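[1] pasting the sequence and the predicted coordinates here, then a few questions.
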Amino acid sequence: MSIVSYALKGNLKKFNQKINELAKKENRNAFKLKLNFLNCFRLIGCGYSDYLNYELYNKNKKEILEYASIKDQDKFYEIVSPSKYKTFFTIKTNFLRNFKQYINRDFFDQGSLEELKKFLKKHEYFMMKPYDGLGGAGIEKLYTKDIKNIEEFYEKLKREHLFLEEYVVQHPKINAICDNSVNTIRIMTFSYNGKSEILFACMRFGNGSANVDNFHKGGMACLVDLNTGKLIGEAFNKNLEFFKEHPKSKIKFDGFAIPNWDKVKKLVLEAALVNKEIHVVGWDVAVTRDGATFIEGNRRPGFDLVQVLSKRGRKDIMRYCLTKINEVEHTNYKI
């Protein structure tokens, strides 16, 4: 396989389309941009999506080398979040049990038909999720009144490996921005030697049509000031469209203060110490009227949001974490 084929992973037609669009937008030569992409791929192994999202065509070699590639992330996470703990987070019902002291909501997990009936009787609406879904895939908001045959629904849950979860009611101020989805804060924490700290945070919002706020499902993200809990600047989506205000509610992002920010920080900093061998976690936190709760945790939070919102490579985060671990464990990990 040629370097070009490997770099594009068979998406030559889409690559050419995107590069031609970029050349027109930036008034640049398309052929030179393609050569520039191949150079970036040689340096950090990036795909063309990262090349576009990180605007690597406007970066010099030193700046490009600071971007954490997929290869860098694989190496980093095997050190800080070993794969032997994969199901600690990826099986969503495991997460609900492992962090039950921080999550006060009902869920139905492959129980009996009678238990399902009790769950449905208690909840007017709820979320249906796959056990190990990624990127918001397979998540639906359902209404109990729409389930006409409970026995058939029960068999569907077993057959398709789905579970049900009580719907999280978010804070009114968050709901006012986008009420179609539970809008969450993605917070990356680092824990070591009995201490924990927040490395990065951004707030994610649904686009007004989907039931999830996930970035890859049309949602948008905005940087959060770690000290004040206020949103910084504009939000953007996966198409690199930037928004000063939410397209549905018209509420301005910059300066918006996340309610209960101190409680949000307390929640993640405490939970980060539950498993001492998992040093880095990406938490998805929903803000409620009285505090905050977890939606899920991620053992390998991607660096795409971190790097796009920071407008620079964030390999410094990796170096910082590994330096701290090396000091405590007397190791010599490097990226």
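    Structure's in. What do you need?

[2] SS state for Asp74?
    helix (DSSP: H, G, I helix; E, B strand; the rest coil).

[3] quick check: which element contains Trp283?
    strand 280-287 (DSSP states H and E).

[4] if you could redo that for Glu66, that was the one I meant.
    Counting by DSSP H and E, Glu66 is part of no helix or strand.

[5] what pairs with the strand holding Trp283, parallel or antiparallel?
    strand 184-192 (antiparallel), strand 292-298 (antiparallel) (DSSP bridges).

[6] tell me what the next helix or strand after the last one is packed against?
    By that I understand strand 292-298. Following strand 292-298 in sequence order, the next helix or strand is helix 304-310 (DSSP H and E). With contacts taken as 3 or more C-beta pairs under 8 Å, 6 or more residues apart in numbering; DSSP states H and E, helix 304-310 sits against helix 48-53, strand 195-205, strand 220-224. All C-beta spots, glycine's among them, are computed from the backbone N, C-alpha and C.

[7] deepest of these, which one?
    strand 220-224 (a mean of 24; mean count of other C-beta atoms under 10 Å).

[8] tilt between that one and strand 195-205?
    140 degrees (axes from the mean of the first three to the mean of the last three C-alpha atoms, to 10 degrees).

[9] list the contacts of the helix or strand just after strand 220-224.
    Under the assignment DSSP H and E, the closest C-terminal helix or strand after strand 220-224 is strand 231-237. Residues outside strand 231-237 that contact it (C-beta atoms under 8 Å, 6 or more residues apart in numbering): 203, 205, 207, 215, 218-225, 242-244, 246, 253-256, 258, 308-309.

[10] equivalent analysis for stretch 166-182, please.
    So stretch 166-182 is in contact with 105-107, 123, 125-127, 141, 183, 205-213, 219, 246, 248-249, 251, 256, 258-260, 286-289, 293, 295, going by C-beta under 8 Å, 6+ apart.

[11] next, count neighbours for Glu114.
    Counted with other C-beta atoms under 10 Å, the neighbours of Glu114 add up to 8.

[12] kindly report the same for Lys129.
    For Lys129, using other C-beta under 10 Å, the count is 21.

[13] ok, for it, nearest residue in space, not its chain neighbours?
    What sits nearest to Lys129 in space, not counting adjacent residues and going by C-beta to C-beta, 6 or more residues apart in numbering, is Ile139, at 5.1 Å.

[14] so how far is Lys334 from the one you found?
    38 Å (C-beta to C-beta, to the nearest Å).

[15] more neighbours: which of the two?
    Ile139 (20 against 11).

[16] hmm, back to that, what's the closest of the strands paired with strand 280-287 to Leu273?
    Of all the strands paired with strand 280-287, strand 184-192 sits nearest to Leu273, with 5.6 Å by C-beta to C-beta.

[17] I figured Phe163 hits Gly111, correct?
    No. Between Phe163 and Gly111 there is no contact under C-beta atoms under 8 Å: 9.6 Å.

[18] looking at these two, which is more packed in?
    When neighbours are counted by other C-beta under 10 Å, Phe163 and Gly111 differ, and Phe163 comes out ahead with 19 against 15.

[19] quick one: pLDDT of the residue nearest to Lys129?
    On pLDDT, Ile139 comes in at 86.

[20] equivalent analysis for Tyr48, please.
    The predicted local confidence for Tyr48 is 86.

[21] can you check Lys14 too?
    Reported pLDDT for Lys14: 85.

[22] what comes up buried for the helix or strand hosting it?
    Secondary structure assigned from DSSP H and E places Lys14 in helix 12-26. Neighbour counts over helix 12-26 (16 or more other C-beta atoms under 10 Å) mark 15, 18-19, 22-23 as buried.
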